[in-house]
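Colleague: Using only what follows, build the 3D model:
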Amino acid sequence: MTHRTTLAALAAVTALALSACGGSSGGSSSEEAGGSAAADGAFPVTIPNAFGETTIDAEPERIVVIGYTEVDTLLALGVQPVAFQEFVTFPDAAVPGLGPWAEDLAGEAEMQVFPVSSPPGVEEVLALQPDLVVAVGSGIEQDEYDQLSAVVPVLARPEGSTAYLVDRDDATLAIGQALGKEDQAQELVDGVEDAFTEARDANPDFAGKTVVVTLPATDGSGGYSAYVSGDTRVSFFEDLGFELTPGIADIDAEGGFFVTISAEQVQLLDADLVVVLALDSVEETRATLEADPVFATVPAVQAGRVIYTDPLSGGGAISYNDVVSVPFALDQLVPQIQDALGS
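Modeller: I've put the predicted structure just below:
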């Protein structure tokens, strides 16, 4: 799969989503990305969630995103929020707060960015006078939901889901429903599945291989963090045909999205493929782990089956794992995986 192939596929799918209902007229902040109008009869709509249900009476025009990755999906649907939550800080971003995979989708209107270091409180969100708050990928709980939803509709995570671990397709389709763009959202979901299918078909040896996604622990313990099933980073590799290595899969994450592995447990990180998420810099993380005598004892590391991912590029894209970042991640990471596995 080539860079041109998957990004062209995303462009085609996004174009379909933007043109499905014709061009939009100016004036609404939510239309600055060039989006189409909602489908006829889409509103009012009631969407159940983990804390109750949300009724949206009319097409939203002032949307505030407090979930960590949903801004990409809104932009792909042609809707630009007035503000959104930053997930990764991109120092050289052409559009502040957006990854390189999404910046071309933004319109000219400036969006307020909530820094990753200081998520907004209820008062800050309401001060923006939104008519919809999108919180699918946030850590919102009942109290905050109740405070916000007393004033404005809140699209929260689905029933039965865990904070920060909402399935990509479920999140995309819920956002599409809230915006009156269900058909366009389904097209985006289908486009991503087609991209994964193409990648799996081109790399049949990925099927059934084990993977672990890890990074040096940041708690000063000298151990390692490893992501668990349901996390976006693991889901990306599972969609390519990999399976989470049993050493990690068998650990109870107690509702979290990662577990901490001590130096004494380092062999739990062994897999057919070890994926390292760099902390700040690929070079620094690689140097740290290559100088780590404990990490060096892992058989996969000894065999060279390790890839290091850039948090501002491929590593960031799998952390988002949304309908915009996936094609970018495939182009960035599939060649690295092939090299590591000797494919």
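
Colleague: my guess is residue 171 contacts residue 73, does it?
Modeller: Yes. Using C-beta atoms under 8 Å, residue 171 makes contact with residue 73 at a distance of 6.9 Å. Using the backbone N, CA and C atoms, a C-beta is placed for each residue, glycine as well.

Colleague: Which one of the two is surrounded by more residues?
Modeller: Between residue 171 and residue 73, counting by other C-beta atoms under 10 Å, residue 73 is the more crowded of the two (30 against 26).

Colleague: residue contacts, the more buried one?
Modeller: Contacts of residue 73 were listed using C-beta atoms under 8 Å, 6 or more residues apart in numbering, and they are 171, 172, 175, 185, 188, 322, 323, 324.

Colleague: List the buried residues of stretch 98-105.
Modeller: Along stretch 98-105, these residues count as buried under the neighbour rule (16 or more other C-beta atoms under 10 Å): 98, 99, 100, 101, 102, 105.

Colleague: returning to that earlier point: between residue 171 and residue 73, which contacts overlap?
Modeller: Common neighbours of residue 171 and residue 73 (C-beta under 8 Å, 6+ apart) are residue 322.

Colleague: burial of residue 270, as a residue count?
Modeller: Residues lying near residue 270 (other C-beta under 10 Å) number 21.

Colleague: which neighbours does the biggest strand by length in the chain have in its sheet, and in what orientation?
Modeller: Counting by DSSP state E, the longest strand found in the chain is strand 210-216. The pairing partners recorded for strand 210-216 under DSSP bridges are strand 224-227 (antiparallel), strand 243-244 (parallel), strand 273-277 (parallel).

Colleague: in the stretch 1-150 of the chain, which spans are strands?
Modeller: Applying DSSP state E, counting those that start in this stretch to the stretch 1-150 of the chain gives strands spanning 45-49, 52-56, 63-65, 83-85, 112-114, 132-134.

Colleague: can those strands go into TSV with extra columns for mean pLDDT and distance to residue 201?
Modeller: TSV is the format used below for the strands of the stretch 1-150 of the chain (pLDDT from 0 to 100; distance: least, C-beta to C-beta, whole Å):
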stretch	mean pLDDT	distance to residue 201
strand 45-49	98	35
strand 52-56	97	39
strand 63-65	98	34
strand 83-85	98	35
strand 112-114	98	38
strand 132-134	98	34
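
Colleague: Out of these, flag the one nearest residue 303.
Modeller: strand 83-85 (39.4 Å; C-beta to C-beta).

Colleague: Can you tell me the strand partners of that closest one and which way each runs?
Modeller: Strand 83-85 pairs in its sheet with strand 63-65 (parallel), strand 112-114 (parallel), by DSSP bridges.

Colleague: ok so, going back, of the strands paired with strand 210-216, which approaches residue 196 most closely?
Modeller: Taking C-beta to C-beta, strand 243-244 is the member of the strands paired with strand 210-216 nearest to residue 196, at 15.0 Å.

Colleague: my guess is residue 52 contacts residue 150, does it?
Modeller: No. At 11.3 Å, residue 52 and residue 150 do not qualify as touching, with contact defined as C-beta under 8 Å.

Colleague: More neighbours: the two, which one.
Modeller: Under the criterion of other C-beta under 10 Å, the comparison of residue 52 against residue 150 puts residue 52 first, with 13 against 10.

Colleague: Okay, domains of the chain per the record?
Modeller: For the chain, automatic domain parsing gives the domain ranges 3-194, 204-341.
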